[in-house]
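Undergrad: I would like to see how this sequence folds:
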Amino acid sequence: MRKHSYYSILVIFGSLLYLPLFLNATSISHHKECHDEVEFDYIEGSKKGPSKWGELKKEWETCNFGKMQSPIDISSCNVKIQRKLDHKKIYKPCNSTIKNRGHAISLQWHGDAGSIWMNGTKYSLLQIHWHSPSEHTINGRRYALELHMVHQSTEEKVNNKIVVNAVLYKLGLPDPFLFTLGRHIFSMIDQEGAERNLGMINPNYIANMHSKRYYEYKGSLTTPPCTEGVTWIVNKKVQTVSIFQVMLLRKAVLDYAESNARPQQPLNNRQINLLLSKH
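TA: Numbering: from 1, shown residues only. Here you go, the predicted model:
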């Protein structure tokens, strides 16, 4: 038996071990937070839903009036191929914590976890988080899960200081990286603000780290304040995740955010590049 197949079986078997506990938690857990205390939510038509984000705080006005908002549908009709790119990713293990932010589960590194270099500028890796279902779509297709890797530059000369590397997942074999975090995520179900120390976590374990084909466009953060000037890198290759892992991420956040994907935003004549990396 090949090593990869053997490892996949171990991951699947390990996931099944969590299943009875997960189902039990699902049946007895309750929504403990008052909905009125939530700053924003993802419920269409609610007073704090996506169409109202820009009205909730003055500093969030860009959510409603911005012209370069994310996420978008990446249509082949709007893609321009770029065959040269000065880009590389250099990541390394670093101390980290995982947190239930209420609207998403996030993993944050404390120290130097590496960076993306783009056109001579260094963007340091800060944190990752998950959205389910995916926020970006490819030719109208929405996927089961989307991972965002958030990077930031501290150079004063740089106008676009944030780069987000997005990985899309379809249902299939479990994701090995998420599998290593499963027990920590499970322990934070319905516990907004809960945080766990993970110790040293290597970002290179995330699937698709060194993909050489991806889409790039200028957009925004997908949560308030919806800041624009964000460079998005959406990996072309789609990874797999198990239905159990998606359910776990959804159950861990509060009930109002079980689906935490912002609706599609207008493209407004923005260009989307298909980048073919040299590295």
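
Undergrad: where does N273 land in three-state SS?
TA: The three-state assignment at N273 reads strand, by DSSP: H, G, I helix; E, B strand; the rest coil.

Undergrad: thought it was touching Y217?
TA: Yes: between N273 and Y217 a contact is recorded at 7.0 Å, counting by C-beta atoms under 8 Å. Just so you know, the C-beta spots here come from the backbone N, C-alpha and C atoms, and that holds for glycine as well.

Undergrad: neighbour count for these two, which is higher?
TA: Just comparing N273 and Y217: by other C-beta atoms under 10 Å the higher neighbour count belongs to Y217, 21 against 16.

Undergrad: correct me, but that one touches N268?
TA: No: the pair Y217 and N268 does not pass the contact test of C-beta under 8 Å, sitting 11.0 Å apart.

Undergrad: can you give me the helices in the protein?
TA: Counting by DSSP state H, one finds helices in the chain at the ranges 3-28, 53-56, 62-65, 176-186, 243-252.

Undergrad: now do the second one: which elements does it pack against?
TA: Yep, that's helix 53-56 we're talking about. Contacts defined by 3 or more C-beta pairs under 8 Å, 6 or more residues apart in numbering; DSSP states H and E place helix 53-56 against helix 62-65.

Undergrad: wouldn't G114 be in contact with K122 here?
TA: No: assessed by C-beta under 8 Å, G114 is found out of contact with K122, at 9.9 Å.

Undergrad: and the two? which has more neighbours close in?
TA: Counted by other C-beta under 10 Å, G114 and K122 do not tie: G114 has more neighbours, with 19 against 16.

Undergrad: OK, contacts around that one?
TA: 89-92, 94, 124-125, 203 (C-beta atoms under 8 Å, 6 or more residues apart in numbering).

Undergrad: for the closest residue in space to N268 that isn't next to it in sequence, grab phi and psi.
TA: Closest residue to N268 in three dimensions, ignoring its sequence neighbours and counting by C-beta to C-beta, 6 or more residues apart in numbering: K67, at 5.1 Å. When read as degrees, to the nearest 10, the backbone of K67 gives phi -110, psi 0.

Undergrad: tell me how many other residues surround K67.
TA: 12.

Undergrad: what count of nearby residues applies to N139?
TA: Taking other C-beta under 10 Å as the neighbour definition, N139 ends up with a count of 10.

Undergrad: any idea how far it lies from I72?
TA: When C-beta to C-beta, to the nearest Å is applied, the distance between N139 and I72 equals 12 Å.

Undergrad: where does the prediction get shaky in the protein?
TA: Scanning the chain for pLDDT under 70 picks out 1-37, 84-86, 158, 208-210, 255-258, 277-279.

Undergrad: mind doing that once more with 50?
TA: The chain contains residues with pLDDT under 50 at 1-14, 16-17, 20-35.

Undergrad: from Q127, how far out is the residue nearest to N268?
TA: In this structure, K67 and Q127 are 27 Å apart, going by C-beta to C-beta.

Undergrad: what residues are bridge-paired with T121?
TA: Beta bridges link T121 to M118, judged by DSSP bridges.

Undergrad: for burial, what's the neighbour tally of it?
TA: T121: 16 surrounding residues under other C-beta under 10 Å.

Undergrad: and what of K161?
TA: One way to gauge burial is a neighbour count; for K161, by other C-beta under 10 Å, it gives 17.

Undergrad: how about the nearest residue to it once chain neighbours are set aside, what does it touch?
TA: Computed as C-beta to C-beta, 6+ apart, the closest residue to K161 that is not its neighbour in sequence is S153, at 4.9 Å. Under the criterion of C-beta under 8 Å, 6+ apart, the contact list for S153 reads 121-124, 161-163.

Undergrad: farthest pair within the residues you listed?
TA: Taking C-beta to C-beta as the measure, the contacts of S153 reach their widest spread between K122 and I162, a distance of 12.9 Å.

Undergrad: thought W130 was touching I206, still the case?
TA: No: contact between I206 and W130 fails when scored by C-beta under 8 Å: they sit 11.3 Å apart.
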